[in-house]
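S.K.: Here is a sequence with its predicted model. Questions after.
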Amino acid sequence: MPRDPRFDILFEPVSIGPVMAPNRFYQVPHCTGMGYRRPQSLAALRGVKAEGGWGTVCTEYCSIHPSSDDEPFPSASLWDDHDVSALAMTVDRVHEHGALAGVELWHGGAGSKNFYSREAPLGPSSIPAGVRDPVQTKAMDKRDIRNLKQWHLEAAIRAEQAGFDIIYVYAAHWYLILQFLLPSNQRTDEYGGSVENRARLLKELIIETKEAVGDTCAVAVRFSASIGGPDHDQDTAEPREMIELLGELPDLWDITVRDYTYEMGSSRFVPEAALEETMSWVKSVTTKPVVSFGRFTSPDTMLRLVRQGVIDLVGSARPSIADPFIPQKIDEGREDEIRECIGCNICYTGDQTGTPIRCTQNPTMGEEWRKGWHPEHIPTKGSDSSVLIVGGGPSGLEAAVALGKRGYAVTLAEARRELGGRVTLESELPGLRQWERVRDWRLNQISKLSNVEYYLESVVDREQILEFAAVRVVVATGARWRRDGTGRWHDQEIPGWQTPSVMTPDDVLGGVVPDGPVVIYDDDHYYIGGVIAEKLRGDGLEVTLVTPANEVSTWTTHTEEQHRIQERILNLGIHLKTGTSLSEIQSGGVIAECIYTGRTEELPASTVVLVTSRVPQDDLYSSLRDEIDIERIGDCLAPGTIATAVYSGHKYAREMDAVVPVGVPFLRER
Ligand SMILES: Cc1cc2nc3c(=O)[nH]c(=O)nc-3n(C[C@H](O)[C@H](O)[C@H](O)COP(=O)(O)O)c2cc1C
Ligand code: SF4
């Protein structure tokens, strides 16, 4: 289909200093967990973005010098010529598709603790470095500032040698240049005090970078339009003064906000285009192009913001991860095929754990080089086998789509009245509505595949499967929450678990209405305990959340949600007992036990919801595994995140009749 002419404006070229972006689609810097350690993986990933139509594709943060290392998190680096050739691979892959390549030069200052290089971290003054690490920065003297500028300059020249078109001066987030810009800068020389003084380092870096590479490369500045902490993003006075001061110096302003849980907010807390209000003033104080973002998955939102003059370039990190082909799909009038980001922030957990990027919606993300997976292309079938999939949750649906695209005849049987499995159920919980996009994108794909059929309310048993006689059978029947409390803290059942007041998340998701007061025991530590507490409190019940961890939903620190979840739990009046386990469940209450002192207390409870661990529903598989060609996928194989379920379904489909390497199942970089 031709492009809807309404969207023509998104495909206009935009000049950025000496270079020209071929369109307005701009992949802002985002990490991949690959960085300097996995340059080929990185190049392939960025190349796919460019292939998908992003007119500009940037790297992740790229260290300019060993005094800024983020181990164990692998940033990109431009420390020496070896790094030049490694990053040139990324540039080449991006250029192959006519896109511009941008690099985000980075010095972490107090944001990097240098556990790898063992150099003293640097800061405007001596302040705590890292995140609760027992390290402080060395207060930078004038020589350190001169050195920093020299390193930045040398890195910019290396970036130019690698072929980059856009070179960033990175003045946002919690890194060195921002540490100079903020009012917390305690310097008493010309780099501290007044707004002009605090902005001096940034100004000098922009000018010197332009002088060094400005003939061939554009110089972009990543900058916060607000300086407030959480939920104080309206505090824009000083950033405004600074842009008024520096507005015409760079070739591009890449605008963020100070609160990262807002900038990169999950859909549970932050809607699409949330930054609009905070940064809409920027274009009124500079004539230079402005890029900003806001988990844009709707082409109409992109269009509106460009038309209204809020942004010139449509910035994107997560939407471009979930669907690297958004621009091409808009260009071809296939907007309905956009695989929309669900805002779960699983992609960020790679960044937070120092591991390669993963995406819930896009199982090929991070697998471009090491497995040769492409988000839009999949090899055609290797046989005429028919496939029966039992279970239409995220894993079964993904397998159906991928197998269907390969050309296999697929039949999917789902026991419930609707497809989607846990995604359908969990998206009813507060704030998780957008998660149903996992189901909806796949249903839309299935509707276009004549070789995939599905049957609802179809509980299939062993005999029916044998009778159906599909060549291949795959069981995707999910997992159920344990009722006996076995989990991480309790490696055996919790005494009293048979008490009738005990429920599991499956009961809540299935619509059982508990009596209050409710005790929720969360030994799972991801989102489900916290979100069920929020739901039941919203239903008007008295709720106490008990967890052996020291904070609510502790794993969500990796998805940048923990702070907001705990804030919400406390504001809703949910009682919180951290560092506490359940030693016994009784009729009418529980015995809670401090995990440090062993001291116990009784908590009243008409209902106890145990959120501990899950049991794969693999009976069907076990009953047939010795008789037919049958496999398990998703939570039925190993309970995990929705991302692992989708990946598992995709992997199954990719590997059918394919030659899978023996031993290590993917390429490794050495
Ligand atoms: C996985 C991931 C890694 C990120 N890494 C960086 C980074 O290295 N440097 C940076 O300036 N911003 C980084 N960001 C923030 C993004 O550039 C962007 O500001 C944010 O994700 C909001 O844009 P979006 O709504 O389009 O995702 C990262 C975001 C994600 C999702
Ligand atoms: S992991 Fe989640 S938030 Fe990240 S890009 Fe994928 S769908 Fe979006």
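M.R.: It's in. Predicted model, so just to flag it, every value in this text is computed and none were measured. Ligands and ions are numbered 1, 2, ... in the order given.
S.K.: For the stretch 201-350 of the chain, give me the ranges with low pLDDT.
M.R.: 228-234 (pLDDT under 70).
S.K.: mind listing the strands for it?
M.R.: Taking DSSP state E, counting those that start in this stretch, the strands of the stretch 201-350 of the chain run over residues 218-224, 252-256, 290-292, 313-316.
S.K.: Out of the ones you listed, flag the one nearest Ser298.
M.R.: strand 313-316 (10.9 Å; Cβ to Cβ). The way it works is simple: take the backbone N, C-alpha and C, and place the C-beta from them, glycine included.
S.K.: Contacts for that closest one next, please.
M.R.: Outside strand 313-316, the residues within contact range by Cβ atoms under 8 Å, 6 or more residues apart in numbering are 10, 14, 21, 24-28, 54, 56, 252, 254, 289-293, 296, 302, 305-306, 326.
S.K.: Now, those that are in helices?
M.R.: Cross-referencing the contacts of strand 313-316 against helices under DSSP state H gives 302, 305-306, 326.
S.K.: can I get those residues in CSV with distance to ligand 1 and neighbour count?
M.R.: Written out in CSV, the entries for the ones in helices among the contacts of strand 313-316 read as follows (distance: Cβ to the nearest ligand atom, whole Å; neighbours: other Cβ atoms under 10 Å):
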residue, distance to ligand 1, neighbour count
Met302, 11, 26
Leu305, 12, 20
Val306, 15, 19
Ile326, 11, 28
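S.K.: Quickly list what Met632 is bridged to.
M.R.: Quick fix: residue 632 reads Arg, not Met. Legend: beta-bridge partners of Arg632 under DSSP bridges are Val475.
S.K.: Which residues of the stretch 251-400 of the chain lie near ligand 2?
M.R.: Taking Cβ under 6 Å from any ligand atom as the contact definition, the stretch 251-400 of the chain meets ligand 2 at 318, 321-322, 341-347, 359-361.
S.K.: how about 8 Å then?
M.R.: Within the stretch 251-400 of the chain, the positions lying close to ligand 2 (Cβ under 8 Å from any ligand atom) are 266-267, 295, 317-319, 321-322, 340-348, 358-362, 365.
S.K.: of these, list those near ligand 1.
M.R.: Answer for those near ligand 1 (Cβ under 8 Å from any ligand atom): 295, 317-319, 321, 341, 345, 347-348.
S.K.: Now the two most distant members of these.
M.R.: Spatial extent of these (Cβ to Cβ) is set by the pair Pro319 and Tyr348 at 13.7 Å.
S.K.: Have a look at the two and say which one is more surrounded.
M.R.: The residue with more neighbours, out of Pro319 and Tyr348, is Pro319; 27 against 24, by other Cβ atoms under 10 Å.
S.K.: Dump the strands of the stretch 201-350 of the chain into a markdown table; add distance to ligand 1 as well.
M.R.: Listed next are those as a markdown table, based on distance: least, Cβ to the nearest ligand atom, whole Å:
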| stretch | distance to ligand 1 |
| --- | --- |
| strand 218-224 | 5 |
| strand 252-256 | 5 |
| strand 290-292 | 8 |
| strand 313-316 | 4 |
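S.K.: What's the end-to-end length of stretch 454-472?
M.R.: Using Cα to Cα, to the nearest Å, the end-to-end distance of stretch 454-472 comes to 16 Å.
S.K.: can you list contacts of it?
M.R.: Outside of stretch 454-472, the residues that reach it under the criterion Cβ under 8 Å, 6+ apart are 383, 385-388, 390, 392, 400, 411-419, 446, 473, 620, 623-624, 627-631, 656.
S.K.: Near ligand 1, which residues of the chain? Just list them.
M.R.: So the chain meets ligand 1 at 28-32, 59-61, 75, 104, 106, 170, 172-173, 222, 254, 256, 260, 263-265, 293-296, 315-321, 341, 345, 347-348, 350-351, 357 (Cβ under 8 Å from any ligand atom).
S.K.: Can you tell me which of these are classed as buried?
M.R.: Members of these that pass the buried threshold by neighbour count (16 or more other Cβ atoms under 10 Å) are listed as 28-32, 59-61, 75, 104, 106, 170, 172-173, 222, 254, 256, 260, 263-265, 293-296, 315-321, 341, 345, 347-348, 350-351, 357.
S.K.: what's the host helix or strand of Ala50 packed up against?
M.R.: Here Ala50, judged by DSSP states H and E, is contained in helix 39-51. The criterion is 3 or more Cβ pairs under 8 Å, 6 or more residues apart in numbering; DSSP states H and E, and the helices and strands that helix 39-51 contacts are strand 56-63, helix 81-95.
S.K.: ok, so what distance separates the residue in the stretch 451-600 of the chain that ligand 2 sits nearest to from Leu449?
M.R.: Nearest to ligand 2, among the residues of the stretch 451-600 of the chain, is Thr559, at 8.3 Å (Cβ to the nearest ligand atom). Thr559 sits at a distance of 32 Å from Leu449 (criterion: Cβ to Cβ, to the nearest Å).
S.K.: From Val459, how far out is the closest residue to Ala86 other than its chain neighbours?
M.R.: Excluding its sequence neighbours, the residue lying closest to Ala86 (Cβ to Cβ, 6 or more residues apart in numbering) is Pro39, at 3.9 Å. When Cβ to Cβ is the yardstick, Pro39 and Val459 sit 50 Å from each other.
S.K.: out of these two, which sits in the busier spot?
M.R.: Applying other Cβ under 10 Å to Pro39 and Val459 shows that Pro39 carries more neighbours, namely 21 against 11.
S.K.: what's the spacing between the more buried one and Met89?
M.R.: 6 Å.
S.K.: Same check on Pro495?
M.R.: 58 Å.
S.K.: And Ser320, by the same measure?
M.R.: Here the distance between Ser320 and Met89 works out to 19 Å (Cβ to Cβ).
S.K.: so where do the strands sit in the stretch 551-670 of the chain?
M.R.: 575-577, 580-586, 589-594, 600-604, 607-611, 614-616, 630-632.
S.K.: Give me the contacts around the last one.
M.R.: For strand 630-632, contacts defined as Cβ under 8 Å, 6+ apart pick out 472-476, 616, 618, 621, 624, 652.
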